[in-house]
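>>> Give the three-dimensional model of this entry:
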Amino acid sequence: MKFRALFLLAPLLLVSTAAANGNAAANSTNAANAANAVNADSTTDAANTTDAGVGVMTSAKSPAIVVGKVTGPGSTSATDTTWNVKATDLGIMWDNGSNQVLTAFGDTFGASWAPPGANGDDWRSQVLLRSNDTNLADGISFQSAATDTPGHAKQLIPSRKIDNDEITVIPTAGVSVGNRQYLAYMSVRHWGPPGEWDTNYASIAYSDDNGQNWTTAGGPRWDNPSGTDPFQMAAMVRRGGYVYLYGTPNGRNGAAHVARVPEQQVLDKSAYRYWTGSTWGTTAASIVAAPVSELSVQFNAYTGKWLMTYLMGSDIVLRSASVPQGPWSAPSVVASFADYPGLYGGFMHPWSSGSDLYLTMSEWTPYNVYLIKISLNPDATIANPNLVQDPSFERQTTGTVSTPWAVTGNGGIDHDTWSFTADRNGFVRYNSGWHDLHQVITVARNTNYRLTGWLRTSANSDNGFFGARTPGGPPFAEVNFHAVGQWTRFTVAFNSGNRTSVEVFAGIWTDNGDMWLQVDDVAVVRS
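Below is the predicted model of the structure:
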């Protein structure tokens, strides 16, 4: 799925101090990327300029933390060089029944892509990567892909790529039954105004070779001539002998519905029964009121409940229920547009375990997919939220650092410099002395915490520190780093001792000429 860069944000940032000072290593690269974006292959203009999707700035806080980058440059598996998946979105995951997780991505672009957004050459409407990674704490790694040539992830289902006919074919859900894989998809006729698009139909394809080849003929089809069919986008769950199909209309403004079908009859549309509000019948009643889009549903063993995540307006939210049709709990924000402008998706990883719930989150900038994590209480409410406020610096409204962040020495806020996530990051830069970004957070006494953050530096950086200190005092837990060539996650474990507040910081001693440090997506959670 592709989205126009038409997000309603706070006032645009002023040019950052780093840019004004000529942050050569970071900003020259960004300038080149911007030039490449302008000169991108014009054959994909229909895809680039008519995408749907909009978000509205909210004030909700984001309990989620950013674990890693799933796709594109700097991703855990270097998908850009390994399978020419340089820019993509969605990341719909399901267990294939053979100790792998299959992940379907949406519109995908290759070598000439440059941020932000969907652009470039080698446009594939969908691709699929496979993973047997069980340690999600350090990100998702992929071991193989559905390919057409070595090192090239192929398009799974044909699409005409003609606007007002069929501009693309987008995967929306997957599930396995035995050795057969099923993939729900929608045929998009036209990307309309932000948050709206038109579909021709939705259907389900199947694969008997672990996602390498897909058959579309003979699958159930939900045609959409009036634009009101409630099963154009899907989530799929296999449980108790049934496959449950959750659906929403095209666009982002519809309600959620659910059907079920015996697991051996997924391809037989006449076998589907819809929740009517009181029983399983032939007409579908809504189970969650609008707006609902990009659904993900799973049964969660830790809580014993059905979980639902989706994009509600501008935020990714979580709800739970005791039975597949609900009633569903009130929504709780997982990730806020205010912290991750341009976010969408929010698809749960099927191998999340215990209190950890991992999800993929797409971002328009830089049009790639990230792995995020929240913690759950046994009643399926969100626990242990990130204690850092404005963790991604996206709530900063000028190039000058403002509350809740503060700066020692020379620093500011970068904007449009291809941050680790979204549009902004913090930076410090100078040629002598100590310079840092810091924030005071409230903690409980004698409690173990884990501080994480994403950092990168100039090539001449030789003495940086990331850690926690007594407010206004010395560090008591930190890591030392030197030159960091690309965005890298650093972790510091600490115990709060008798403190009720600590100051988290990232800084450098700039005694080796002109040096800079960039910081993004900082988190502190109980460990």
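>>> how many neighbours does the residue lying closest to residue 508 once chain neighbours are set aside have?
Sequence neighbours aside, residue 464 is the residue nearest to residue 508 in space, at 4.3 Å (criterion: CB to CB, 6 or more residues apart in numbering). (Each C-beta comes from the backbone N, C-alpha and C, glycine too.) Using other CB atoms under 10 Å, residue 464 has 25 other residues around it.
>>> Provide a list of residues in contact with residue 464.
Applying CB atoms under 8 Å, 6 or more residues apart in numbering to residue 464 gives the contacts 455, 457, 480-482, 484, 506-509, 517.
>>> Let's see that with 10 Å instead.
Contacts were defined as CB atoms under 10 Å, 6 or more residues apart in numbering; by that measure residue 464 touches 428, 435-436, 455, 457, 478-484, 490, 506-510, 515, 517.
>>> Please pick the buried ones from these.
428, 435-436, 455, 457, 478, 481, 484, 490, 506-510, 515, 517 (16 or more other CB atoms under 10 Å).
>>> Could you pull out the helices in this structure for me?
17-21, 24-38, 45-49, 79-82 (DSSP state H).
>>> ok, back up a step: quick check: the residue nearest to residue 508 vs residue 395, distance?
25 Å (CB to CB, to the nearest Å).
>>> Not counting sequence-adjacent ones, nearest residue to residue 138?
Using CB to CB, 6+ apart, the closest residue to residue 138 is residue 68 (6.7 Å).
>>> Ok, residue 510 next?
Here the residue nearest residue 510, using CB to CB, 6+ apart, is residue 430, at 4.6 Å.
>>> Identify the residues contacting the residue sitting nearest the centre point of the chain.
For the chain, the residue sitting closest to the mean C-alpha position, by CA atoms, centre = their mean, is residue 361 at 1.3 Å. Residues near residue 361 by CB under 10 Å, 6+ apart: 64, 66, 70, 89, 91, 309, 311, 316, 334-335, 340, 343-347, 369-372, 421.
>>> And for residue 184?
Residue 184 sits next to 92, 104, 170-175, 202-205, 219-220, 222, 231-236, 245-247, 266 when contact means CB under 10 Å, 6+ apart.
>>> got the contact list for residue 94?
100-104, 173-176, 181-183, 236-238, 298, 347-350.
>>> where's it relative to residue 221, distance?
21 Å.
>>> And the pLDDT for residue 114?
We have a pLDDT of 89 for residue 114.
>>> again with residue 259
98.
>>> same thing with residue 4?
For residue 4, pLDDT reads 32.
>>> Same check on the one 10 residues further on?
pLDDT for residue 14: 27.
>>> Touching, residue 461 and residue 482? I think so.
Yes: with contacts counted by CB atoms under 10 Å, residue 461 reaches residue 482, the gap being 6.3 Å.
>>> Can you pull the residues that touch both of these two?
residue 508.
>>> which residues touch residue 110?
Here residue 110 is in contact with 41, 80, 83-87, 120-124, 152-153 (criterion: CB under 10 Å, 6+ apart).
>>> out of those, who's nearest residue 356?
Residue 356 lies nearest to residue 85 out of these, by CB to CB, at 25.8 Å.
>>> Can you give me the neighbour number for the closest one?
Residue 85, neighbours per other CB under 10 Å, totals 30.
>>> In contact with it: list those residues for me.
Counting by CB under 10 Å, 6+ apart, residue 85 touches 70-72, 75, 77-79, 105, 108-110, 113, 122, 124, 127, 129, 142, 145, 152-153, 368-369.
>>> quick one: it from residue 444, how far?
Distance from residue 85 to residue 444, by CB to CB: 42 Å.
>>> Distance check, residue 280 against residue 463.
65 Å.
>>> is it true that residue 172 touches residue 222?
No: the pair residue 172 and residue 222 does not pass the contact test of CB under 10 Å, sitting 11.5 Å apart.
>>> okay, and the common contacts of these two?
By CB under 10 Å, 6+ apart, the residues touching both residue 172 and residue 222 are 184, 186, 202, 204, 231-232, 234, 247.
>>> can you name the two of these that are farthest apart?
Most distant of the shared contacts of residue 172 and residue 222, by CB to CB, are 204 and 232, 12.4 Å apart.
>>> what do the two both touch?
With contacts taken as CB under 10 Å, 6+ apart, the residues that reach both residue 204 and residue 232 are 172, 184, 222.
>>> Contact partners for the residue lying closest to residue 254 once chain neighbours are set aside?
Leaving aside its chain neighbours, residue 254 sits nearest to residue 248 (4.8 Å; criterion: CB to CB, 6+ apart). By CB under 10 Å, 6+ apart, the residues touching residue 248 are 172, 230-235, 254-257, 286, 288, 290-295, 310.
>>> Identify the bridge partners of residue 248.
On the basis of DSSP bridges, residue 248 is bridged to residue 233.
>>> What separation do you get for it and residue 136?
27 Å.
>>> what does residue 190 give?
On the measure of CB to CB, residue 190 and residue 136 end up 37 Å apart.
>>> Check residue 506 too.
Computed as CB to CB, the residue 506 to residue 136 distance reads 25 Å.
>>> Check residue 302 too.
Residue 302 is 14 Å from residue 136, by CB to CB.
>>> When these two are compared, which one has more neighbours?
Set residue 302 next to residue 136 and count neighbours by other CB under 10 Å: residue 136 wins out with 20 against 16.
>>> and the nearest residue to the more buried one once chain neighbours are set aside, what is it in contact with?
With sequence-adjacent residues excluded and distances taken as CB to CB, 6+ apart, residue 136 is closest to residue 358, at 4.9 Å. By CB under 10 Å, 6+ apart, the residues touching residue 358 are 64, 67-68, 93, 136-137, 139-140, 347-352, 371-374.
>>> Residue 382 too?
Residues counted as contacts of residue 382 (CB under 10 Å, 6+ apart) are 63-64, 318, 332-334, 357, 374-376.
>>> Let's see which of these end up in strands.
318, 332-334, 357, 374-376 (DSSP state E).
>>> Make JSON lines from these and add distance to residue 197 to it.
Shown next, in JSON lines, are the ones in strands among the contacts of residue 382 (distance: CB to CB, whole Å):
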{"residue": "318", "distance to residue 197": "25"}
{"residue": "332", "distance to residue 197": "27"}
{"residue": "333", "distance to residue 197": "25"}
{"residue": "334", "distance to residue 197": "24"}
{"residue": "357", "distance to residue 197": "29"}
{"residue": "374", "distance to residue 197": "29"}
{"residue": "375", "distance to residue 197": "34"}
{"residue": "376", "distance to residue 197": "33"}
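>>> residues of stretch 191-207 that come out buried?
Neighbour-count burial for stretch 191-207 flags 191, 194-207 (criterion: 16+ other CB under 10 Å).
>>> The closest residue to residue 442 other than its chain neighbours - how many residues pack around it?
Nearest residue to residue 442, sequence neighbours excluded (CB to CB, 6+ apart): residue 501, at 5.4 Å. Residue 501 has 11 neighbours, counted by other CB under 10 Å.
>>> cool, and residue 400?
Quick note: residue 400 (other CB under 10 Å) scores 14 neighbours.
>>> I'd say it and residue 407 touch.
Yes: the criterion here is CB under 10 Å, and residue 400 meets it with residue 407 at 8.5 Å.
>>> picking that back up, from the buried ones among the contacts of residue 464, which single one is nearest residue 387?
residue 506 (15.8 Å).
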